[in-house]
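> Turn this into a model:
(one chain, ligands or ions: 1)
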Amino acid sequence: MIKQAIIPLAGLGTRMLPLTKAFPKELWPLGNKSILENVLDECFDTGINEVILVISKKKKSIKDYFKKDTILEKKVKNKPELLKSLKNLNKISSKIKFVYQDKPKGLGHAVLCAKKLIKSKHFLLLLPDDIINGKNSSKELIAINKKTNSSVIAIRKVIKKDVKRYGIVGFDNSKNLKINKMVEKPSVKNSPSQFAIIGRYILNKSIFNYLGKQKSGKLGEIQITDAMNAMLFHENFYGCKFKGKYLDCGTINGYINSFKEINKK
Ligand code: G1P
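Below you'll find the predicted structure:
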């Protein structure tokens, strides 16, 4: 059973500057809760009981958000809905741990920062820039992991001009979606397919060995895609064409559209 998850939150949010300068985008609202709570709900719904949040010193407000606040709780004691939302944060707080990424050395490095806390063979990794609405995609990945006992990543077909924004996979076998190549943000010419990695991964903890040796890649950062590509030569990796609707919360326009979509309900 997969019981632990990592959510990297230490990124600088440069695509959404200046709005992210003082206030982390993961705490921006999406529906009646933050983007981060949407992702945490998906996580806990799968049976995960411990989530490691990787933050930076600049993002301490994320830690504050989950801190119990007795003064506020007293203030809203006669407003059941508000009190419930605060109590819900306390409940979440009992299941999360924080680790710090001291330097912005990339997604791969952020994941490596959580290494010491991961106990079981496989763990879930969720990127809060990617919201998948309507169906719990983490559950879909877990089902494939159960069947194959392998690492699994969420994938989605994108248009050609968008391959440069994502990690792109190539297939050994396009029927069972066994992956044989991963390239971070390739040019159209060097792209192994049009299938992009979307931010849900189940990884064997052996990924930490590859991350530990990984040199800087695209954007001068330690890329998890490069480490997974190295791992591919030794272990099976499968893609999961998830069923829910992908909402991109990693750009301003994407965020605005996601907000509208969630509020349609
Ligand atoms: C990250 C990953 C990339 C993946 C993307 C999904 O990129 O490095 O492989 O396709 O998330 O959103 P980033 O959005 O951090 O540039």
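> which residue of the chain sits farthest from its center?
Asn78 (36.1 Å; CA atoms, centre = their mean).
> and that residue, helix, strand or coil?
Following DSSP: H, G, I helix; E, B strand; the rest coil, Asn78 is assigned to coil.
> Pull up the gap between it and Leu86, please.
Asn78 sits 13 Å away from Leu86 when distances are taken as CB to CB, to the nearest Å. Any C-beta I mention is one placed from the backbone N, CA and C, and that applies to glycine too.
> So the residue farthest from the centre of the chain versus the ligand, what's the distance?
Distance of Asn78 to the ligand, given as CB to the nearest ligand atom, to the nearest Å: 42 Å.
> show me the contacts for that residue.
Neighbour list for Asn78: empty [criterion: CB atoms under 8 Å, 6 or more residues apart in numbering].
> can you check Glu140 too?
By CB under 8 Å, 6+ apart, the contact set of Glu140 is Ala154, Cys240, Phe242, Lys243.
> Grab the nearest non-local neighbour of the third one.
The spatial neighbour of Phe242 that comes closest, neighbours along the chain excluded (CB to CB, 6 or more residues apart in numbering), is Ser137 at 3.9 Å.
> Now for that neighbour: which residues touch it?
Contact partners of Ser137, counting by CB under 8 Å, 6+ apart, are Glu42, Ala154, Ile198, Arg200, Cys240, Phe242, Lys243, Gly244.
> Same question for Asp69.
Leu86.
> Tell me the confidence at it?
As predicted, Asp69 sits at a pLDDT of 94.
> and if you look at Lys265?
Here, the pLDDT recorded for Lys265 equals 60.
> Strands of the protein, start to end?
Assigned by DSSP state E, the chain shows strands spanning 4-8, 29-30, 33-34, 50-55, 96-100, 122-126, 130-133, 151-157, 167-173, 178-184, 195-204, 237-241, 245-248.
> Of all the ones you listed, which one is nearest the ligand?
For the strands of the chain, proximity to the ligand was assessed by CB to the nearest ligand atom; strand 167-173 is nearest, at 2.4 Å.
> Convert the C-alpha atoms of the closest one to PDB, please.
Presented in PDB, the C-alpha positions along strand 167-173 are these (Å, rounded to 0.1, in the frame of the first residue of the first chain):
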ATOM      1  CA  GLY A 167       8.500  16.500 -19.800                       C
ATOM      2  CA  ILE A 168       7.700  14.300 -22.800                       C
ATOM      3  CA  VAL A 169       7.700  10.500 -22.900                       C
ATOM      4  CA  GLY A 170       8.300   8.000 -25.600                       C
ATOM      5  CA  PHE A 171       6.900   4.400 -25.600                       C
ATOM      6  CA  ASP A 172       8.300   1.000 -25.800                       C
ATOM      7  CA  ASN A 173       4.900  -0.400 -26.300                       C
END
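> if we can go back for a sec, dump the contacts of Glu140 into JSON lines; add neighbour count, distance to the ligand and pLDDT as well.
JSON lines is the format used below for the contacts of Glu140 (neighbours: other CB atoms under 10 Å; distance: CB to the nearest ligand atom, whole Å; pLDDT from 0 to 100):
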{"residue": "Ala154", "neighbour count": "25", "distance to the ligand": "9", "pLDDT": "98"}
{"residue": "Cys240", "neighbour count": "23", "distance to the ligand": "14", "pLDDT": "97"}
{"residue": "Phe242", "neighbour count": "21", "distance to the ligand": "13", "pLDDT": "97"}
{"residue": "Lys243", "neighbour count": "11", "distance to the ligand": "18", "pLDDT": "97"}
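> so what's Val76 up against?
Leu82, Leu83, Leu86.
> Can you get me a residue count around the last one?
For Leu86, the count of nearby residues is 16 (other CB atoms under 10 Å).
> residue contacts, the residue nearest to it when sequence neighbours are not counted?
Spatial nearest neighbour of Leu86, chain neighbours left out: Glu73 (5.5 Å); criterion: CB to CB, 6+ apart. Applying CB under 8 Å, 6+ apart, one finds that Glu73 lies in contact with Leu83, Leu86, Lys87.
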